[in-house]
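**Student:** need a 3D model of the sequence below.
(one chain, ligands or ions: 2)
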Amino acid sequence: MDIVTAQEMYERDRVTVEAVGLEGKMLMENAGRAVTQDMLRHISPQHKIVILIGAGNNGGDGFVIARTLMNLNYDVEAWQVVPDGKITGDAKAHKEIFLASGHPLKMYSHSSEDLESSLCHADVCIDAMLGIGADGRLREPLAEIVYLCNEQAILRLAVDVPTGVPADEGVEKFDAFHAHFTTIIEAPKLSAFLQHAKPFYGEWSVVEIGLPKQKLPNCSRRLWGVQDVKRTLPERDAHSHKGTHGKGLFVGGSLFMPGSVAMSARAALRSGAGLVAIATDEQAIPSVSPYVQEATFVELKEEGQAVSGYDAVAVGMGLGRRPYCGKVVKQLMQEVDGPLLIDADGLHLLKGSLDELERRSAPTVLTPHPGEFAHLTGLTAPEVLQSPFVYSREFAERYGAYIVLKGPSTIITAPDGEQRVDRSGNAGLAKGGSGDVLSGILISMIMQSNGLMDALSNGCVLHGYTAELLVEAGHSKVDLLASDVIEGLSRTFRTLSS
Ligand SMILES: NC(=O)C1=CN([C@@H]2O[C@H](COP(=O)(O)OP(=O)(O)OC[C@H]3O[C@@H](n4cnc5c(N)ncnc54)[C@H](OP(=O)(O)O)[C@@H]3O)[C@@H](O)[C@H]2O)[C@@H](O)CC1
Ligand SMILES: [K+]
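**Tutor:** Numbering: from 1, shown residues only. Ligands and ions are numbered 1, 2, ... in the order given. Model prediction:
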């Protein structure tokens, strides 16, 4: 599923009208009816419903929704919250159809307390005030109405985008309608994945309104989910041997942090890697080896490691930040001629060798969380969280690297700017060790897949989906451990292949 900016959505609209002659008015009818159908999951004929209708096409959708619900005999009060003169074009046409159908329309005015009283007595409030056309902070009377709606103990449903939420990234502060559910039209907008905007959407779903998929412009961003994994996960060949599934090297771990690299290596094996070697401090080997009996070990040396003969290398997990570790990361960037994944302490140490990153011709994968990415880029973490799509694309393009920007919505970016978003997982993953497990799964996928983007996207979903399955099967989001996720991978692979 594509993820779009407001501009890209308008472009899709324009192409649809031009290429196949589906008019705006017809699209609005489709949109309103599809949204109504979706919202019927949350409302019943016993509910008192208030629908708030704004000036633009989002308000136009509102007229269609109100008419459809009234035709179905739902108990609906429709409120136009802007002056008549503001309603133009397709929205005006649908207002006329609404009125011609004999339905009553209430008008909001500043002095009116009626809306407040209606909201007080209602069970459900549908927000069709403002969609992707939102521009700047909410102006009156919308700001006041949104405040009123958010104050009520009422089920709040939003059409396309909750009023006040910018469709795109880059906006720091806004007030908005706090929806429990949002029905998004055609494609989720960027803000549905931003930490500070996402809560306003509540749970969201997407409805199709008849845009001609074959004719639409290509989109460089898409959502990646379990169905995509099923479609693209390589099958294990019956005639394969351990070499077929790759030999990975994990460089990391130290006397006081032996667990990280051990978990990465074990996660790689549990997700299908053929062979795994670990380069770590000599003193750490006795504590790591019982946990990953299948691995072989090499001593991590200040003067450099032998890196040939591996299909992929990961560095950084539990490595520490001792002065010589920076040299280790630099040497790997210079000498690893296959995929190199840099995580955790490796990312911290990378900051001093970004020129090496730019010089690499083999693929490099960086797996930062927003704080690590902020450190790498010189931005602040809030800046990263406000515009993660644009900053990760800029960095990926500038340094020719793959970026896996981790979070509740993980954004995976290729050096050519292609982006994929993985929303799988739960709060149980917000724990030490989760990143190490993810790195192991990613290395394993990289070694077994043809394309790097599929490998990274599938790896992220496998990690998150495993946490979901574990919580479904009895774990809680509180007790879940990173090591549970490793052992849970067997259930995930079984589920995916059934
Ligand atoms: N394929 C599609 O995409 C389809 C899209 N469709 C729907 O169209 C929606 C987009 O419609 P849109 O472009 O008319 O914008 P929309 O969000 O209704 O707002 C415009 C109005 O808001 C006002 N306004 C702006 N900022 C404001 C603020 N801060 N505070 C207060 N007011 C503010 C602005 O007022 P003005 O600046 O003129 O005073 C203007 O009148 C989209 O989300 C979807 O629901 C479907 O119908 C069919 C197919
Ligand atoms: K809305």
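**Student:** around ligand 2, pick out the residues from the protein.
**Tutor:** Within the chain, the residues that sit near ligand 2 (C-beta under 5 Å from the ion) are 58, 127, 158-159, 163. From N, CA and C alone the C-beta is placed, and that goes for glycine too.
**Student:** ok, and which of those residues reach ligand 1?
**Tutor:** Here is what survives when the residues of the chain next to ligand 2 are matched to ligand 1 using C-beta under 6 Å from any ligand atom: 58, 159.
**Student:** so which of the residues of the chain next to ligand 2 are in strands?
**Tutor:** If you go by DSSP state E, the residues of the chain next to ligand 2 have 127, 158-159 in strands.
**Student:** want to throw the residues you listed into CSV with neighbour count and pLDDT?
**Tutor:** Converted to CSV, these look like this (neighbours: other C-beta atoms under 10 Å; pLDDT from 0 to 100):
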residue, neighbour count, pLDDT
127, 31, 98
158, 33, 98
159, 33, 98
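**Student:** go through these and name the one nearest residue 447.
**Tutor:** residue 158 (43.3 Å; C-beta to C-beta).
**Student:** surely the closest one and residue 205 touch.
**Tutor:** No. Contact between residue 158 and residue 205 fails when scored by C-beta atoms under 8 Å: they sit 11.4 Å apart.
**Student:** shared neighbours, those two?
**Tutor:** Common contacts of residue 158 and residue 205 (C-beta atoms under 8 Å, 6 or more residues apart in numbering): 181-183.
**Student:** tell me the one of those nearest residue 335?
**Tutor:** Nearest to residue 335 out of the shared contacts of residue 158 and residue 205 is residue 182 (C-beta to C-beta; 49.3 Å).
**Student:** number of nearby residues for the closest one?
**Tutor:** 26 (other C-beta atoms under 10 Å).
**Student:** against the centre of the chain, work out the most remote residue.
**Tutor:** Computed with C-alpha atoms, centre = their mean, the residue of the chain farthest from its C-alpha average is residue 102, at 43.3 Å.
**Student:** tell me the SS of that one?
**Tutor:** Three-state call for residue 102 (DSSP: H, G, I helix; E, B strand; the rest coil): coil.
**Student:** residue ranges with poor pLDDT in the stretch 1-150 of the chain?
**Tutor:** The stretch 1-150 of the chain contains residues with pLDDT under 70 at 111-112.
**Student:** same deal with the stretch 301-450 of the chain?
**Tutor:** In the stretch 301-450 of the chain, no residues with pLDDT under 70.
**Student:** tell me where it has helices.
**Tutor:** Per DSSP state H, counting those that start in this stretch, the stretch 301-450 of the chain carries helices over the ranges 323-335, 345-350, 354-359, 370-377, 381-386, 388-399, 434-448.
**Student:** point out the most buried one among those helices.
**Tutor:** helix 434-448 (a mean of 29; mean count of other C-beta atoms under 10 Å).
**Student:** what's that one packed up against?
**Tutor:** Here helix 434-448 touches strand 247-251, helix 258-270, strand 312-315, strand 340-342, helix 452-472, helix 482-497, going by 3 or more C-beta pairs under 8 Å, 6 or more residues apart in numbering; DSSP states H and E.
**Student:** where does the third one sit relative to the chain's centre, distance-wise?
**Tutor:** For strand 312-315, the distance from its own C-alpha centre to the chain's C-alpha centre is 25 Å (C-alpha atoms, centre = their mean, to the nearest Å).
**Student:** give me the buried positions along stretch 27-43.
**Tutor:** 27-36, 38-39, 43 (16 or more other C-beta atoms under 10 Å).
**Student:** closest to ligand 2 out of these?
**Tutor:** residue 35 (9.9 Å; C-beta to the ion).
**Student:** not counting sequence-adjacent ones, nearest residue to the closest one?
**Tutor:** Counting by C-beta to C-beta, 6 or more residues apart in numbering, residue 183 is the residue found nearest to residue 35 once chain neighbours are left out, at 4.6 Å.
**Student:** that older thread, any idea which of the ones in strands among the residues of the chain next to ligand 2 is closest to ligand 1?
**Tutor:** residue 159 (5.6 Å; C-beta to the nearest ligand atom).
**Student:** what bridges to that closest one?
**Tutor:** residue 183 (DSSP bridges).
**Student:** for it, which residues are in contact?
**Tutor:** 35, 58, 61-62, 65, 126-128, 131, 182-183, 185.
**Student:** now swap in residue 15 and tell me
**Tutor:** Counting by C-beta under 8 Å, 6+ apart, residue 15 has contacts 212, 215-217.
**Student:** top of those by neighbour count?
**Tutor:** Ranked by neighbour count under the definition other C-beta under 10 Å, the contacts of residue 15 are headed by residue 216 with 18 neighbours.
**Student:** count the residues that sit near the nearest residue to that residue once chain neighbours are set aside.
**Tutor:** In this structure, residue 216 finds its nearest non-sequential neighbour in residue 12, 5.3 Å apart by C-beta to C-beta, 6+ apart. Residue 12 has 21 neighbouring residues, counting by other C-beta under 10 Å.
**Student:** so how far is residue 104 from the nearest residue to residue 48 once chain neighbours are set aside?
**Tutor:** Nearest non-adjacent residue to residue 48, counting by C-beta to C-beta, 6+ apart: residue 122, 4.6 Å away. Residue 122 sits 15 Å away from residue 104, going by C-beta to C-beta, to the nearest Å.
**Student:** what does residue 373 give?
**Tutor:** Look at residue 373 and residue 104: by C-beta to C-beta, they are 53 Å apart.
**Student:** likewise residue 71?
**Tutor:** Distance of residue 71 to residue 104, given as C-beta to C-beta: 14 Å.
**Student:** please apply the same query to residue 438.
**Tutor:** Distance, residue 438 to residue 104, using C-beta to C-beta: 55 Å.
**Student:** ok, residue 23 next?
**Tutor:** For residue 23 relative to residue 104 (C-beta to C-beta), the value is 27 Å.
**Student:** what do you get for residue 85?
**Tutor:** 21 Å.
**Student:** between these two, who's got more neighbours?
**Tutor:** Taking other C-beta under 10 Å, residue 85 and residue 104 do not tie; residue 104 has more neighbours (11 against 7).
**Student:** what residues are up against the nearest residue to that one once chain neighbours are set aside?
**Tutor:** Of all residues not flanking residue 104 in the chain, residue 78 sits nearest, at 7.3 Å (C-beta to C-beta, 6+ apart). By C-beta under 8 Å, 6+ apart, the contact list for residue 78 reads 51, 53, 62-63, 66, 70, 98, 103-106.
**Student:** for PyMOL, what selects the buried ones among those?
**Tutor:** Buried subset of the contacts of residue 78, written as a PyMOL selection, criterion 16+ other C-beta under 10 Å:
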select buried, resi 51+53+62+63+66+70+98+103
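**Student:** of the contacts of residue 78, closest to residue 17?
**Tutor:** Nearest to residue 17 among these is residue 63, at 19.5 Å by C-beta to C-beta.
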